[in-house]
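Trainee: Below are the sequence and a predicted model for it; my questions follow.
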Amino acid sequence: MLGFVRCGIHGFDEVLGIDSDEIRFFWTLETDDRHATQTAYRVVLSTNSTAIEDDNPNASQLEWDSGRVESAEQRNVICKPENGFKSTCSYYWRVTMWNQSNKAHHSPVQHFFTGYPHARLLPPYSMNQTYMPHTSLIFRTWFEDEANRWKAVWIGDGGDKPIYLRKSFELPRAPTRAILFACGLGHFNMTMNGQPTSNHRLDPGWTNYHRRVQFTSYDVTDRIQAGENVLGAHVGNGFYAGDKGGDDRFFWPMYEDNTYVRYGNELCFFCELHLFYEDGTHETLISDPTWSVRKSATTLANIYASENHDRRLYPIGWDSPGFDGSDWKTAKPLTGPRGHIYYQTQPPVVLHETFEPVKTYSPRPGTVCYDLGQNASTMVQVIVEGSAGSEIIVRYSETVNDEGTVLMPDPLFKEFETGVFSRMYLAGTGEPEMWEPDFSFTSARYIQVEGVSLTPGEGLPVVYSVVGRHISSAARKLGTMKTDKEDANALLNALHWSFSSNLFSYHTDCPQIEKFGWLEVTHLLAPATQYTRDMESLYTKILDDILDAQEPSGLVPTMAPEIRYMCGPLHDTITWGCALCLLPDILRRYYGSTHVIAKVYPAAVRYMEYMRTKERKGGLIEHGLGDWGRDIAFGNHQANIETAIYFQCLQCVEMMARELGKLDEAEKFKQWAQRIYDVYNKHLLVTDDSSRPYAYYTSLDNYPQRDRTAIAQAMALQIGLVPEEHKKDVMAAFLDDVSDGKIRAGEIGLRYLFNTLSDAKRPDLVLQMARQEEHPSYMRFLRRGETTLLEFWQDECRSKCHDMLGTIYEWFYTSVLGLKVIEGGYRLFEIDPPYGAEFGHVNGTVDCPYGLIDIDFRQEKHSVDLKVSVPFGTNALVKLPGALKSYEVERDGSSIPVDGEPQLTVGHGSYTVRIQL
């Protein structure tokens, strides 16, 4: 039996507003036929779903047809209709694949809906009916192509405090399909007839709103009806128009003069509701001045976890039919943001697990504290009952003091302890009242509620329930892993929560203090993150952020979008900006997709031209942050690290040029990289030190004094800068410096340190490093009760949910589970378990782009049992231990012959390898 498991479009998590003229399809297959292969495929596309249900669809009814393609490819299949895609139109597509017997297998019919692929030259027009009515001649071009233009208008109340917007409308009949496009800045929650239109939170994703604004789309067909309908939008500030609330709440993205980096000063909303009827008609309802608006009961919406909400002001039923909104004001047409509107490509942010308190206590009268047991990015939910006007304060913390109340351990950030809180006023209904933030979140393990008691009779509102709800990207969860070592499992758990708590509409540095999109974590942690989450569409969006952030000089700043403007090396460092060049290669390697290369390549060329102006000594780069986080935050190894990354960027740009068929340009970048290779070895490779029995790399930190640090060796080894004749020597120098089992690395060097230890087959040293009593040490975090990683190698940090030190997660999957991708989005992967290491049992799964990989490894003194599941369309290279007496292999329960080689190459199926040592 052979069947389709998943079908999709590269770079899009949801597909109800696609605004690209070119898309790329993929599909995943599974079968229990050990001989099955895909020998050919055909993809057809139509605006009529029934037209493609036939096994041989009529060409006249197709918008696009790949034709039969003799290929085993299941990913990166380009679809580019000759005349582009129609706007606001349903498209249906279907894959047919032929197996080795030429038998056809058909996928279910797939659907996507387009936005306005042709509208990017003309953004939504702004309105000011007082002095520039949109009927004037200057707006003519906006109306020449009616089908392919945005029709809605940005609206609001002209203020910067949260608002409710509603639109009541009558429909004589129910539509067969209703698709809603919407955007509210900074964030918005959308309802139809009193029901949420989705499970999204914090829509739309964070961007540079001067360049790019994302709209989201919802299928509301099952929520709309004949008769009265109501669209409701609740709009809050987010990063678009940050707000301290008038009482000095913490809000970081400010200039030194305490003024905000604001994108806009008016909260605004925009939507189009597209209604399709059985007779083929299409109506569009838009946001315009016929909508009604009023101030929200949420009077402060500070993205840094501070909200004010007055239950007495909440208009019950405001977004449902039958509500009397006669006292609401007429919405104002607004200028809106500067940026053009694009469909939100990345996964939405949603709520995941709920954390019930593991401990509840009252340190003093009127204060109740909750330990959720797990630090994580959290939206809290509080249920209380009390008299009207009762004020309740909710505070959040990753740390508590001896009394058990909230604490910020970093004295420089005490403002976060005192200036981050939410304030709720009760309506006094006589029933329990629930509050949860609408537009904010933080990282917290401890929740402190003030102005309440646990029991009635104390003259205070009674708190019935406090829970934390984990908020993170909806990116598909892929990986699990467990070992027989409890400390390793505890570290895996801390890594999981650290990673998951930093995935939103970009990869944050922490969900608490900063919430910034620093770019180094994006590329450094990508090889680890891809084991646990499907990151393809999120990386696609992050590349758009980087393109928007790139400066005219070609410089790529250290964060994108630039929520806070930095200076010096905190603004210009290649180990951060290199994400522009490295992410396309990451997408190609881990997801088998090249869809971003055409748009990224010109920007990557400009960045390399900019970096050339920063070369020293003929090609070294050494003006950045070095190995940030070593000795807390100390610049070192700049020449080694930054020049190596420069070399790697040039190789990636060469790859992109070749992919685009620009062979002359590819050769130019190849020669450019060779020049950097030569300069690197000229200045950093030491071959004449008679005090050492080997060649090694030195840093230039204390020039002309030489050193031979592990990081200097690891960078050169991992990025391919070591001449072949010196590789053995450099590895020896590396092992000399790590032989004491202590970490001497910051966040940049850490990944290369662990990967080199992986190549050296030294899991013992990695575990020794992780288990050190003193910092740097992962287990010291855990021994002190932490459940996530801290920002630096220290006991107390301002942030205790940073993942920048989390590259050991990659080592666990590659060297303990033993799974490494080799090429083509897991088209070929390696399984090399930790033979001879201390692990007796390791089990893990990764749902890779081609399907589920399952590995179960058990070893005893004289035997190993390895069970492996390999998905359809892939091959696995299974490594065997160097010293073995014999082995046998079963596939799907039947013995298969072996050739005695030190490795096996196997296709799809389930295998058991029994090894005698």
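Mentor: Sure, I can see it. Numbering: from 1, shown residues only.
Trainee: What strands line up against the lowest-mean-pLDDT helix or strand in the chain, and which way round?
Mentor: Every helix and strand in the chain was compared by mean pLDDT, DSSP states H and E; the lowest is strand 894-896, with a mean of 85. Under the criterion DSSP bridges, strand 894-896 sits next to strand 886-891 (antiparallel) in its sheet.
Trainee: and the strand it pairs with, which residues are buried?
Mentor: 887, 889, 891 (16 or more other C-beta atoms under 10 Å). For the C-beta atoms, the positions are set from N, CA and C on the backbone; glycine is no exception.
Trainee: shaky segments in this protein?
Mentor: Residues of the chain meeting the criterion pLDDT under 70: 119-143, 255-260, 633.
Trainee: Which strand or helix spans the residue in it sticking out farthest from the centre?
Mentor: Distance from the C-alpha centroid of the chain, by C-alpha atoms, centre = their mean, peaks at residue 690 (49.0 Å). Using DSSP states H and E, residue 690 falls within no helix or strand.
Trainee: who's in contact with it?
Mentor: Under the criterion of C-beta atoms under 8 Å, 6 or more residues apart in numbering, residue 690 has no neighbours.
Trainee: where along the stretch 351-500 of the chain do the helices fall?
Mentor: Taking DSSP state H, counting those that start in this stretch, the helices of the stretch 351-500 of the chain run over residues 414-418, 486-500.
Trainee: Give the other helices and strands that the last one contacts.
Mentor: Packed against helix 486-500, as judged by 3 or more C-beta pairs under 8 Å, 6 or more residues apart in numbering; DSSP states H and E, are the following elements: strand 367-385, strand 479-483, helix 526-529, helix 778-783, helix 808-811.
Trainee: again, only using 6 Å
Mentor: With contacts taken as 3 or more C-beta pairs under 6 Å, 6 or more residues apart in numbering; DSSP states H and E, helix 486-500 sits against strand 479-483, helix 778-783.
Trainee: care to break the chain down by domain?
Mentor: 2-113, 143-346, 350-473, 492-816, 828-916 (automatic domain parsing).
Trainee: start to end distance for the first one?
Mentor: This stretch, domain 2-113, spans 28 Å end to end (C-alpha to C-alpha, to the nearest Å).
Trainee: Quick check: closest non-adjacent residue to residue 321.
Mentor: Ranked by C-beta to C-beta, 6 or more residues apart in numbering and with sequence neighbours excluded, the top spatial neighbour of residue 321 is residue 228, at 4.2 Å.
Trainee: The one you found and residue 914, how far apart?
Mentor: For residue 228, the distance to residue 914 (C-beta to C-beta, to the nearest Å) stands at 69 Å.
Trainee: repeat for residue 503
Mentor: Counting by C-beta to C-beta, the gap from residue 503 to residue 914 is 39 Å.
Trainee: With residue 440 instead?
Mentor: With distances taken as C-beta to C-beta, residue 440 is found 55 Å from residue 914.
Trainee: who's more crowded, the two?
Mentor: residue 440 (24 against 14; other C-beta atoms under 10 Å).
Trainee: Not counting sequence-adjacent ones, nearest residue to the more buried one?
Mentor: Looking at residue 440 with C-beta to C-beta, 6+ apart, the closest residue is residue 305, at 4.9 Å.
Trainee: For that neighbour, the count of nearby residues, please.
Mentor: Residue 305: 26 neighbours (other C-beta under 10 Å).
Trainee: For residue 795, which non-adjacent residue is spatially closest?
Mentor: That would be residue 784: by C-beta to C-beta, 6+ apart, it lies 6.4 Å from residue 795.
Trainee: and what of residue 713?
Mentor: In space, residue 713 is closest to residue 734, 3.7 Å off (C-beta to C-beta, 6+ apart).
Trainee: That neighbour is in contact with residue 711, isn't it?
Mentor: No: counting by C-beta atoms under 6 Å, residue 734 stays clear of residue 711, with 9.1 Å between them.
Trainee: that older thread, the residue nearest to residue 321 bridge partners, please.
Mentor: residue 170.
Trainee: That one touches residue 322, doesn't it?
Mentor: No: counting by C-beta under 6 Å, residue 228 stays clear of residue 322, with 7.3 Å between them.
Trainee: between the two, which one's more packed in?
Mentor: Taking other C-beta under 10 Å, residue 228 and residue 322 do not tie; residue 228 has more neighbours (14 against 9).
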